[in-house]
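Chemist: Next comes the sequence, and after it the predicted model I'd like to discuss.
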Amino acid sequence: MKIYNDYFGQFGGRYVAEILRGPLDELEKHYIDAMGDESFLAEIKQFGKEYIGRPTPLLYAEKASKEIGGADIYIKLEGLANTGAHKINNAAGQALLAKRIGKKRIIAETGAGQHGVATAAVCARLGLKCRVYMGSEDIKRQRPNVFLMEMFGAEVFPVESGSKTLKDAVNEALRDWASTSEETHYLIGSALGPSPYPDMVREFQSVIGKEVLAAGRERALDVKAMVACVGGGSNAIGFFEPFLEQDNPRLIGAEAGGIGSEEGEHAARMTGKGKPGVIQGYKSQFLYDNDGQILKTHSISAGLDYPGIGPQLAHLGEIGRIEFTEVRDDEALEALKFFAAKEGIIFALESAHAGAAGLKIASEYSPGEAIIINMSGRGDKDIFITAKAIQKDKWFEFLREETKNG
């Protein structure tokens, strides 16, 4: 697969103001040069081994498999990477590239906070200044991650415009970059945005899929399907990358079905609700109304609460290589509880959508046939959401006591 593409079918491109064309041209050139430099690739690999903790394990979920009674279920434990999610793979790659170019300052956007935490951590490690744009609604529901970003020395900038979520954080970061690009690198966290970002993020996240491929061959697994959650799409495209140009295995993307099928109740773009459009510098599938206004979205998981999807994923869905399905909030919570009880693993709410989709299809297969679920992150960050949803009375009593004694 080429490391750089302007378009994926009809999707992709670079639809930006003139002021951003120069920085993007520069980034494209440096990215292509760096990916052809064996010393840079070795630096990324060493950083991954020593700091991120690669490779992450591929776990056989034996009890879960027996409970469901179908396929052998395996879980790629990206949640065991440093900072608790897959986001650090791309954050490290882009930050090392920015340092190679000579940038001194990093800006990023974040929704669930995991990309912000990963970026802040890597910047602390590499000695780079860091500002993270985050919608004020996401700050409220992801306070633990805000605390971590600030511990790493990042400035977390609350975004009060629009819906006060991820799409608005992206807008603010683009405005910042337009005026500071000479010293600043914009470290986009998902496989979207104007080119070359979709390619960069896929390449830096492809380590996930390459490790899965190697582990599957080592264990002689008969892999029938792979399942990942899809917001913008960084974990999914990295997980699927080595298999995209093959007919098998099945590749399944789990979108946020939210609480219903009406406008504002979900964030599902690829199951008939999205439309092609050009927003935030790239063409893809988006949720917007007849006047071209972005629709409100909903998901219990902040990381899936986004109205667009990465252009390569949109193209792969259009041609049928990736199947997309919707997972409701309550289904994600049930999957989270199931894997906690059966396997001792707490999925992030985003990843729990993939877990739920995996459980749905497991019965379609037989023992000896494998499905692999990407646990893109662990659920520490979601405790203020999941504890309230699962043990509301106990949780509120605990918070009351903590506040009283604080």
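Modeler: In hand now; what should we look at?

Chemist: Not counting residues beside it along the chain, what's closest to Lys210?
Modeler: Leaving aside its chain neighbours, Lys210 sits nearest to Pro242 (5.7 Å; criterion: CB to CB, 6 or more residues apart in numbering). Every C-beta, even on glycine, is put in place using the N, C-alpha and C of the backbone.

Chemist: quick one: the one you found from Gly216, how far?
Modeler: 10 Å (CB to CB, to the nearest Å).

Chemist: Same check on Gly13?
Modeler: With distances defined as CB to CB, the gap from Gly13 to Gly216 amounts to 34 Å.

Chemist: for Ile75, same thing?
Modeler: As it turns out, when the distance is counted by CB to CB, Ile75 lies 13 Å from Gly216.

Chemist: Name the residue in these two with the higher neighbour count.
Modeler: Neighbour count, other CB atoms under 10 Å: between Ile75 and Gly216, Ile75 has more, with 25 against 19.

Chemist: Could you say which helix or strand holds the more buried one?
Modeler: Secondary structure here is read from DSSP states H and E; on that basis Ile75 sits in strand 72-77.

Chemist: Flag every buried residue along the longest helix seen in the chain.
Modeler: For the chain, the longest helix by residue count, based on DSSP state H, is helix 197-219. By neighbour count, and taking 16 or more other CB atoms under 10 Å as the criterion, the buried residues in helix 197-219 are 197-209, 211-212, 215-216.

Chemist: Repeat that for stretch 97-104.
Modeler: Of the residues in stretch 97-104, those with enough neighbours to count as buried (16+ other CB under 10 Å) are 97-99, 103.

Chemist: I'd like the mean pLDDT over stretch 197-206, please.
Modeler: Looking at stretch 197-206 alone, the average pLDDT works out to 98.

Chemist: start the count at 20, not 1, going forward
Modeler: All set: I'll call the first residue 20, so the last point we hit is now stretch 216-225.

Chemist: And the contacts of that stretch?
Modeler: When contacts are taken as CB atoms under 8 Å, 6 or more residues apart in numbering, the neighbours of stretch 216-225 outside the stretch itself are 21-24, 27, 31, 50, 54, 63, 105, 108-109, 111-113, 116, 207-211, 253-254, 256-258, 260-261, 301, 329-331.

Chemist: Can you say which of the residues you listed are buried?
Modeler: When burial is judged by neighbour count using 16+ other CB under 10 Å, the buried members of these are 24, 27, 31, 50, 54, 63, 105, 108-109, 111-113, 116, 207-211, 253-254, 256-258, 260-261, 301, 329-331.

Chemist: Tell me which entries of those residues lie within helices.
Modeler: Secondary structure defined by DSSP H assigns 50, 54, 63, 108-109, 111-113, 116, 253-254, 256-258, 330-331 of the buried ones among the contacts of stretch 216-225 to helices.

Chemist: how close does Ser382 get to Thr102?
Modeler: Distance of Ser382 to Thr102, given as CB to CB: 35 Å.

Chemist: same check, this time on Glu191
Modeler: When distances are taken as CB to CB, Glu191 and Thr102 turn out to be 23 Å apart.

Chemist: Which of these two has more residues huddled nearby?
Modeler: Neighbours around Glu191 and Thr102, counted as other CB under 10 Å, are more numerous at Thr102. The numbers are 26 against 21.

Chemist: give me every residue that touches the more buried one.
Modeler: The contact partners of Thr102, taken as CB under 8 Å, 6+ apart, are 133, 136-137, 140, 167.

Chemist: wait, which of those is closest to Gly272?
Modeler: The shortest separation between Gly272 and any of the contacts of Thr102 is 18.2 Å, and it belongs to Gln133 (by CB to CB).

Chemist: right, and that closest one touches Ala100 too?
Modeler: No: with contact taken as CB atoms under 8 Å, Gln133 and Ala100 are classed as non-touching, separated by 10.2 Å.

Chemist: Same drill for those two, tell me which one is more crowded.
Modeler: Taking neighbours as other CB under 10 Å, Gln133 and Ala100 compare with Gln133 leading, 30 against 26.

Chemist: residue contacts, that one?
Modeler: By CB under 8 Å, 6+ apart, Gln133 lies in contact with 102-104, 106, 164, 322, 367, 396, 400.

Chemist: Now with 10 Å, please.
Modeler: Gln133 is in contact with 98, 102-107, 110, 161, 164, 167, 208, 254, 321-322, 367, 369, 395-397, 400, counting by CB atoms under 10 Å, 6 or more residues apart in numbering.

Chemist: do the same with Asp324
Modeler: With contacts defined as CB under 10 Å, 6+ apart, the neighbours of Asp324 are 130-131, 154, 156-157, 160, 182, 184-186, 250, 275, 277, 285-286, 315-318, 369.

Chemist: all helices for the stretch 70-219 of the chain, in order.
Modeler: Listed in chain order, the helices of the stretch 70-219 of the chain (DSSP state H, counting those that start in this stretch) span residues 81-87, 106-120, 133-145, 155-160, 162-170, 185-199, 216-238.

Chemist: and of those helices, who's closest to Leu418?
Modeler: Between Leu418 and those, the shortest separation by CB to CB is 11.8 Å, and it involves helix 162-170.

Chemist: how big is the angle separating that closest one from helix 133-145?
Modeler: In terms of direction (axes from the mean of the first three to the mean of the last three CA atoms, to 10 degrees), helix 162-170 departs from helix 133-145 by 20 degrees.

Chemist: how is this protein carved up into domains?
Modeler: The domain map for the chain lists 38-69+106-217, 72-103+225-409, with the assignment taken from automatic domain parsing.

Chemist: okay, now the residue nearest to Tyr384 when sequence neighbours are not counted: neighbour count?
Modeler: Counting by CB to CB, 6+ apart, Ala90 is the residue found nearest to Tyr384 once chain neighbours are left out, at 3.6 Å. When neighbours are counted by other CB under 10 Å, Ala90 registers 24.
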